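**Student:** Generate a structure from the sequence data that follows.
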Amino acid sequence: VGEGSNLLLDQGKNPLEELDRLIASTKNPQEKENLSRLRGVLKDNNIALERQNSAAAEGLIRSSLFMVETVRNYGVRHKTFVNMIESSKKEREAAKGMSAATKAAVEQTISDLNTNRAGMERSIDAAIGFYRSKVEESLNYPEPLFTSKLKLMGAELKGEDVLTRNMRKAYEIYAKHVAMLRQGKRAQLTKDFLLKDILPENLREGLVK
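**Tutor:** Below you'll find the predicted structure:
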């Protein structure tokens, strides 16, 4: 019982540390060799898992920044439809004496633009929902690992070209939302809140209450 009682793995502790303890405790050369091999396999598996998690975290961050840009681009397109609808309505008001055919054409144009605007709003809803799921997915990774990958990503965005500036802004927005989530502020990350952070004020018409 003396030696055997020490060869019980405490599942509540670090497996590698527990194996080190067991290796040090056993006097049986064969058991020591077997435990050492097991420790080597476990360590290799841990290293492989860390690499997989690191790559997956980096992929999540990059796709999240892309989603921020996607929402912003959708906002630009939505604003274009809003402006075109307003312009068509002004054209209709300015031409009171237009022919029936011309009036029908203008009305059809307005109807088509409204259909496109509504479709873009649905696309924005879907995109912001997907983006929020990306923010929440960050909790699948240990905070030290994810924070480290975020910092590395931020260090890459040093250029002053338009694309890099846009991605840097997207990075700042995503990092803010991840921090809020980890601080227990999930309820604050509503659709309107996220859109206000992502879209400039001039692009929020009809999208944010």
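**Student:** List the residues that contact K103.
**Tutor:** By C-beta atoms under 8 Å, 6 or more residues apart in numbering, K103 lies in contact with R92. From N, CA and C alone the C-beta is placed, and that goes for glycine too.
**Student:** Render the CA-only coordinates of the helix or strand hosting K169 in CSV, please.
**Tutor:** Element membership of K169, judged by DSSP states H and E, is helix 162-182. Only the C-alpha atoms of helix 162-182 are listed here, as CSV (Å, rounded to 0.1, in the frame of the first residue of the first chain):
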residue,chain,number,x,y,z
VAL,A,162,-7.0,53.2,-46.4
LEU,A,163,-7.4,49.5,-46.0
THR,A,164,-5.1,49.3,-42.9
ARG,A,165,-6.8,52.3,-41.3
ASN,A,166,-10.2,50.7,-41.8
MET,A,167,-8.9,47.4,-40.4
ARG,A,168,-7.3,49.2,-37.4
LYS,A,169,-10.7,50.9,-36.6
ALA,A,170,-12.4,47.5,-36.9
TYR,A,171,-9.8,46.0,-34.6
GLU,A,172,-10.4,48.7,-32.0
ILE,A,173,-14.2,48.1,-32.2
TYR,A,174,-13.8,44.3,-31.9
ALA,A,175,-11.3,44.5,-29.0
LYS,A,176,-13.7,46.8,-27.2
HIS,A,177,-16.7,44.4,-27.6
VAL,A,178,-14.6,41.4,-26.5
ALA,A,179,-13.5,43.2,-23.4
MET,A,180,-17.1,44.2,-22.6
LEU,A,181,-18.1,40.5,-22.9
ARG,A,182,-15.3,39.3,-20.7
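**Student:** tell me the angle of the biggest helix by length in the chain relative to helix 162-182?
**Tutor:** The longest helix of the chain (DSSP state H) is helix 29-94. Angle, helix 29-94 to helix 162-182, by axes from the mean of the first three to the mean of the last three C-alpha atoms, to 10 degrees: 120 degrees.
**Student:** Following element in sequence after helix 29-94, please.
**Tutor:** helix 100-137.
**Student:** what does the very next helix or strand once past that next one contact?
**Tutor:** Using DSSP H and E, the helix or strand that follows helix 100-137 towards the C-terminus is helix 143-156. Identification of contacts with helix 143-156 by C-beta under 8 Å, 6+ apart yields 50, 53-54, 57-58, 61-62, 65, 138, 168, 171, 175, 178, 182.
**Student:** Okay then, goodbye and thanks.
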